[in-house]
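K.L.:
Got a predicted model here, sequence first, then my questions.
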Amino acid sequence: MNNLELLPIPLLEWYRENARVLPWRSDPTPYHVWISEIMLQQTRVAAVLDYYRRFLDELPTVAHLAAVEEDRLLKLWQGLGYYNRARNLQKAARQIMEDHDGAFPDTYEQIRCLTGVGDYTAGAIASIAFGIPVPAVDGNVLRVVARVTGDEGDILKGDTKARMGEALRAVMPVEAPGDFNQALMELGAMVCLPNGAPLCDRCPARDFCVARRTERIGELPVKTPKKPRRVEERTVFLIFYGEKVALRRRPKRGLLAGLWEYPNEQSPASCPVEAATLADGPAGRHIFTHIEWHMGSILVEAAGERLPEGWVWVGREELARDYALPNAFRAFRETVERRLGGEDPWQSSIFDMV
DNA sequence: AACGCGGGGAG
DNA sequence: CTCCCAGCGTT
């Protein structure tokens, strides 16, 4: 069909010499592979390592995951992003307990039915954990295949993904589907790098890569640009009472759904509780994929203990242990910790603004 | 077929 | 700054 059939043998040889040692590769049970694959969605290996260890340490089986408190689950996920992944993980764990009597499903179709498991992840689990010869087409694989075959299709489009998946299925080595899929991803992550900076001299496909032979490495893969971010101005209210700070829970849907936050509004004039303003706090800036928050902050002392429904007063220890606070609020962490520790919060808060 | 959804590392 | 990462669910 195309030169892709030249890839498996040199790729597998390269992989056996160059595969990184990763915790989910040492004991690739279905549960281990599943957790790692969900964490790795749109997330680099380096960012996942610590989360993976802590997660499996506390939730070593599907049954543990199915039973854990949701707030505890979100705390384990705090800072990793895309928090619906964590909730979907638990939904799927409960599916496994109820529909499969606690045994991880062992066909591609059944795995694909789990909440949070799409085409890619189903292929990864099926091939790596069960040796089923199905492709696992992620961003790395799309880039590698686009370059090796010289495919000019937009890799964000469904038909391009489907075409590349079928091309891979046709050359899949049935004796090593898991290694083949992981080798493709490893090659994309370590050698066939994006943005026209690949290390072609180390590539097992260098002799037959179409993009290299036709000098189109810088132009492949083809990918439609994404739309620009919008900027949102927010004023964050750091509200204290004694040695506690006010937190509220974000809505169940949308950005940072279900996580905790310091109360914040669009305008600095709309402090949500009756309080005396004490000082301006540090500024913060946080860039999401599609939104950019520009945050000012105001330190206030509440007039009384009463809070709106669903808000809570939290001390320093509980904040660190029990409440999943997104990294977007990192700029205020030092200030809040100092105040909750009984120090003068704005004495040194100027340092937070650097 | 678009869009929303985090956070961080590399160039 | 920009790009992109072992993508998925919703609309």
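P.N.:
Here it is on my side, so go on.
K.L.:
In contact with the residue of the stretch 1-150 of chain A found nearest DNA strand C, which residues are there?
P.N.:
At 2.6 Å from DNA strand C, residue A:118 is the closest residue in the stretch 1-150 of chain A, using C-beta to the nearest atom of the strand. C-beta coordinates here come from the backbone N, C-alpha and C atoms, glycine included. Contacts for residue A:118 were tallied using C-beta atoms under 8 Å, 6 or more residues apart in numbering; they are residue A:112.
K.L.:
how about it, phi and psi?
P.N.:
phi -100, psi -160 (degrees, to the nearest 10).
K.L.:
what does residue A:276 give?
P.N.:
Dihedral pair for residue A:276: phi -100, psi 130, per degrees, to the nearest 10.
K.L.:
how much space between it and residue A:214?
P.N.:
69 Å (C-beta to C-beta, to the nearest Å).
K.L.:
sec struct for the closest residue to DNA strand B within chain A, please.
P.N.:
Closest to DNA strand B within chain A is residue A:81: 2.6 Å, counting by C-beta to the nearest atom of the strand. Recorded secondary structure, residue A:81: coil (DSSP: H, G, I helix; E, B strand; the rest coil).
K.L.:
how far away is the nearest residue to it once chain neighbours are set aside from residue A:267?
P.N.:
Nearest residue to residue A:81, sequence neighbours excluded (C-beta to C-beta, 6 or more residues apart in numbering): residue A:43, at 6.9 Å. Distance, residue A:43 to residue A:267, by C-beta to C-beta: 34 Å.
K.L.:
cool, and residue A:40?
P.N.:
Residue A:40 is 40 Å from residue A:267, by C-beta to C-beta.
K.L.:
Could you check which of those two is surrounded by more residues?
P.N.:
Using other C-beta atoms under 10 Å as the criterion, residue A:40 and residue A:267 rank with residue A:40 on top: 19 against 9.
K.L.:
Name the next helix or strand downstream of the lowest-mean-pLDDT helix or strand in chain A, please.
P.N.:
Least confident helix or strand of chain A, by mean pLDDT, DSSP states H and E, is strand A:275-280 with a mean of 85. Heading C-terminal from strand A:275-280, the first helix or strand you meet, by DSSP states H and E, is strand A:284-287.
K.L.:
Tell me the buried residues in that following strand?
P.N.:
By 16 or more other C-beta atoms under 10 Å, the buried positions in strand A:284-287 come out as A:284, A:286.
K.L.:
Equivalent analysis for stretch A:15-34, please.
P.N.:
A:15, A:24, A:28, A:30, A:31, A:32, A:33, A:34.
K.L.:
which of those residues come close to DNA strand C?
P.N.:
Among those, the residues that sit close to DNA strand C (C-beta under 7 Å from any atom of the strand) are residue A:24.
K.L.:
Of the buried residues of stretch A:15-34, which pair is most distant in space?
P.N.:
A:15 and A:31 (23.5 Å; C-beta to C-beta).
K.L.:
Could you pull out the helices in the stretch 1-150 of chain A for me?
P.N.:
Ranges of helices within the stretch 1-150 of chain A are A:8-18, A:23-26, A:30-39, A:45-58, A:62-67, A:70-77, A:84-99, A:108-112, A:119-130, A:139-149, based on DSSP state H, counting those that start in this stretch.
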